[in-house]
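J.: Can you look at this prediction? I've put the sequence above it.
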Protein chains: 2
Amino acid sequence: MRPTSFDVAERAGVSQSTVSRALRNSPGVNAETRARVSAAARELGYVVDRHASSLRLKSSETIALVTICRPGEDRSAINPFYFALLGSIAAATSARGFNLLVSFQESEANFRADFVASGLADAMIVIGTTSNRAAWDYFADAQAAGFDFTCWGSPGDPFHWMRSDNDIGGRLAAEHLVARGRRILAFVGPQRSPQRQFDERRDGFIAALEARGITPLIAEPPAGPDRHAQGVAAARELLAAHPDIDGIFAASDMLALGVLQGIKETGRSVPGDVALIGFDGIRAGTLADPALTTLEPDLDAAGEALVAMALEDADHSRSGTRIPVRLAVRGTA
Amino acid sequence: MRPTSFDVAERAGVSQSTVSRALRNSPGVNAETRARVSAAARELGYVVDRHASSLRLKSSETIALVTICRPGEDRSAINPFYFALLGSIAAATSARGFNLLVSFQESEANFRADFVASGLADAMIVIGTTSNRAAWDYFADAQAAGFDFTCWGSPGDPFHWMRSDNDIGGRLAAEHLVARGRRILAFVGPQRSPQRQFDERRDGFIAALEARGITPLIAEPPAGPDRHAQGVAAARELLAAHPDIDGIFAASDMLALGVLQGIKETGRSVPGDVALIGFDGIRAGTLADPALTTLEPDLDAAGEALVAMALEDADHSRSGTRIPVRLAVRGTA
DNA sequence: CTGAAAGCGCTTACAG
DNA sequence: CTGAAAGCGCTTACAG
């Protein structure tokens, strides 16, 4: 049986309350007593029971992170951007001494928003694909029912969200392509996606180009099993219809990686014939040939800001905050 | 204030014990009573407090997953194989109705093995890089001190582990390269790594080739910041010393992706001049140009087996189990 | 500085 | 089938 604080107390020759105080570093415990308690705890292999402790304290010091997946999606096929964001949220969580509970959700079978209500977590963060309509409907209902959380991206209202600075990202992409001498430009991205971030990227791109008298083509990728496949098909279609395109901005890196493959398949060179910029800064972009030029959100800042907003910001005054992005110039543009 | 089972009891006009029984679906509760309790709970937005429940039950229905990182490593740079494995462990965990607590650990500052001892989890799984010597020393000590867990990979003794069927993987790689007419073959992989899996892959590869009278070159990648960089450098060195090599088996996909880049940089074509096979089946391999041929462990099986071993197998009789791998033939071989 | 006691919100053996 | 009560292992107000 696991030892309790009573066992430690007996061994140290003090009361159980003193054990608790000593181990929590409460003020007003004799240094010698504290040392004796610590020694006894160590000898017995005692570890405080977190359930008892959390029950008393009414705080679990843990964050719940929900990642929304595409229905039927293999977990290993989740967009790597979300794994990277998960990693930075984990770092921010751990820096506070908090635990991280993760939950991948995709359908009615496993939708859950009660991590805070059950006391399991002190706050909840929701990230993942906005393409899962049922999931976001579920979370909208949950929020209306009083389950509170903070989102990355999200379809916008009624959620409390945080996003990349997509407008600036789109503008940076436009300016870079123009500076590289490109004039026949296209944006490739979903047009009727609930993911507002795609629209923001597109609109920043368009705005910066129009200021230079350029009107980009806007290409909606054909339906496909995933963003990469959509990108391949989009590049084929686009270059068939407009063979003289010399620069493309794709709404996300996975899409851009597909576009890259699609361009190469037409026999064109990148960036020689067509320059290409993505968005997200995923690791796989650095492995492409040539390496993908992209807009890279500051993920450390994103993780930290999401955790801070979830934990410390009950009125969500940070909602709508933007995470800075930088242009990572690599091989494709 | 969050409602408790006493609030529900009052509203439903029953005792608190009846609320608990009704909500846990205990046998011997009148159907009509159960319905009244459920309704009251719903109306109040009541959710069972997991800390109180776990404290009573002495079980938290959660798995703790520790991922060991390289010291100083950016969380977004973690080998995608481990993120994929995390995803499949999450799926297996969720299929049992369990929660998943994740912890990325890299140095003394955040090493922790007490998730089970504190009651936070019912079992612990450890995955991640074997290159972090300090971490594995820590977990070896923890195990000796009675903290129990199950590992993926691991440096071997004294851990309870589960791995890919690396021997078969190495043999499949050998047979495929030979079937493709390749005769001057090399294995690229760390030679003094605590990661026993690399040695197993190499030895299976060598054994299958020797049966055909071929002796492969064994190349240790030069030191580098990550596996990809090591792969690039290894390919350069290897092809400079042995320009006639026509087939390479790399110990992991990240290494293989580096090797791919290194080969191309020498002006050789893949698979025309040099065929290449990796190991792990990471998503980024499918995005390479050409797509990486690789040995793909059955990750769903791995996640399920790890969770089963951690949870149901106190004597670790499954330790040493092998996860099947299949050859995914894509573009590089 | 330390101890005895109450209480966090459940689950379940016991009694009816 | 249902209720009153004990107890899971802590933390901390209260008293000394």
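T.: Received the coordinates, thanks.
J.: tell me which element the most centrally placed residue in chain A is part of?
T.: Chain A has A:Leu85 as the residue nearest its centroid, 3.7 Å off, counting by CA atoms, centre = their mean. Element membership for A:Leu85, per DSSP states H and E: helix A:80-95.
J.: Show me what that helix is packed against.
T.: Applying 3 or more CB pairs under 8 Å, 6 or more residues apart in numbering or on different chains; DSSP states H and E, one finds that helix A:80-95 makes contact with strand A:62-68, strand A:99-105, strand A:123-128, helix A:253-265, helix A:283-287, helix A:299-312, helix B:80-95, strand B:99-105. (C-beta placed from N, C-alpha, C; glycine too.)
J.: Taking their axis directions, it and helix A:299-312 sit at what angle?
T.: 60 degrees (axes from the mean of the first three to the mean of the last three CA atoms, to 10 degrees).
J.: between helix A:80-95 and strand B:99-105, how many degrees?
T.: Going by the same axes, to 10 degrees, helix A:80-95 makes 80 degrees with strand B:99-105.
J.: just to revisit the earlier point, what's the closest of the helices and strands packed on helix A:80-95 to A:Ser154?
T.: Across the helices and strands packed on helix A:80-95, the minimum distance to A:Ser154, taken as CB to CB, is reached by strand A:123-128, at 7.3 Å.
J.: So for whichever residue of the stretch 201-333 of chain A sits closest to DNA strand D, what's the pLDDT?
T.: When scored by CB to the nearest atom of the strand, the stretch 201-333 of chain A has A:Leu311 as its residue closest to DNA strand D, at 18.1 Å. Looking at A:Leu311, its pLDDT is 91.
J.: How many neighbouring residues does the closest residue to A:Thr294 other than its chain neighbours have?
T.: Nearest in space to A:Thr294, with sequence neighbours left out and distances taken as CB to CB, 6 or more residues apart in numbering or on different chains, is A:Gly278 at 4.2 Å. For A:Gly278, the neighbour count with other CB atoms under 10 Å in any protein chain shown is 32.
J.: could the helices and strands packed on helix A:80-95 go into JSON lines alongside distance to B:Arg34?
T.: Formatted as JSON lines, the helices and strands packed on helix A:80-95 follow (distance: least, CB to CB, whole Å):
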{"stretch": "strand A:62-68", "distance to B:Arg34": "29"}
{"stretch": "strand A:99-105", "distance to B:Arg34": "28"}
{"stretch": "strand A:123-128", "distance to B:Arg34": "29"}
{"stretch": "helix A:253-265", "distance to B:Arg34": "48"}
{"stretch": "helix A:283-287", "distance to B:Arg34": "51"}
{"stretch": "helix A:299-312", "distance to B:Arg34": "35"}
{"stretch": "helix B:80-95", "distance to B:Arg34": "26"}
{"stretch": "strand B:99-105", "distance to B:Arg34": "26"}
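J.: Secondary structure element holding the residue nearest to A:Thr294?
T.: Going by DSSP H and E, A:Gly278 is part of strand A:275-279.
J.: Other residues contacting that strand?
T.: Contact partners of strand A:275-279, identified using CB atoms under 8 Å, 6 or more residues apart in numbering or on different chains, comprise A:164, A:166, A:169, A:173, A:176-177, A:180, A:182, A:201, A:246-253, A:255-257, A:259-260, A:263, A:270, A:285, A:292-295, A:325, A:327, A:332-333.
J.: How far does stretch A:196-213 sit from its chain's centre?
T.: Put simply, stretch A:196-213 sits 23 Å off its chain's centre (CA atoms, centre = their mean, to the nearest Å).
J.: re earlier: between the helices and strands packed on helix A:80-95, which gets nearest to A:Gly224?
T.: Of all the helices and strands packed on helix A:80-95, helix A:253-265 sits nearest to A:Gly224, with 8.2 Å by CB to CB.
J.: and the closest residue to A:Pro222 other than its chain neighbours, what pLDDT?
T.: Once flanking residues are discounted, A:Pro222 sits nearest to A:Ala233: 4.7 Å by CB to CB, 6+ apart. We have a pLDDT of 96 for A:Ala233.
J.: what helix or strand is A:Ala233 on?
T.: Using DSSP H and E, A:Ala233 sits within helix A:227-241.
J.: Can you give me every residue that contacts the residue of the stretch 201-333 of chain A found nearest DNA strand C?
T.: For the stretch 201-333 of chain A, the residue closest to DNA strand C is A:Ala314, as judged by CB to the nearest atom of the strand, at 18.7 Å. Neighbouring residues of A:Ala314 by CB under 8 Å, 6+ apart: A:Asp148.
J.: distance of it from A:Ala140?
T.: As judged by CB to CB, to the nearest Å, A:Ala314 and A:Ala140 stand 20 Å apart.
J.: So the helix or strand hosting A:Thr18, near DNA strand D or not?
T.: Element membership for A:Thr18 (DSSP H and E) is helix A:16-23. Yes - residues of helix A:16-23 are located near DNA strand D by CB under 7 Å from any atom of the strand, namely A:16-17, A:20-21, A:23.
J.: ok, which residues in the stretch 101-250 of chain A are in contact with chain B?
T.: A:101-104, A:110, A:114, A:117-120, A:145-146, A:228 (CB under 8 Å from any CB of the partner chain).
J.: Apply 6 Å and report the result again.
T.: A:101-102, A:104, A:110, A:114, A:117-120 (CB under 6 Å from any CB of the partner chain).
J.: so which pair among those residues is furthest apart in space?
T.: With CB to CB as the measure, no two of those lie farther apart than A:Phe104 and A:Gly119, at 21.6 Å.
J.: which residues touch the nearest residue to A:Leu85 once chain neighbours are set aside?
T.: Distances taken as CB to CB, 6+ apart put A:Ile127 closest to A:Leu85, at 5.6 Å, once the chain neighbours are dropped. For A:Ile127, the contact set (CB atoms under 6 Å, 6 or more residues apart in numbering or on different chains) comprises A:67, A:82, A:85, A:152.
J.: Identify each buried residue in the helix holding A:Ala233, please.
T.: Using 16 or more other CB atoms under 10 Å in any protein chain shown as the test for burial, helix A:227-241 gives A:227-239.
J.: Give me the nearest residue to A:Leu55, chain neighbours excluded.
T.: B:His51 (4.1 Å).
J.: What strand or helix carries that neighbour?
T.: Applying DSSP H and E, one finds B:His51 within helix B:50-57.
J.: That helix packs against which elements?
T.: helix A:50-57 (3 or more CB pairs under 6 Å, 6 or more residues apart in numbering or on different chains; DSSP states H and E).
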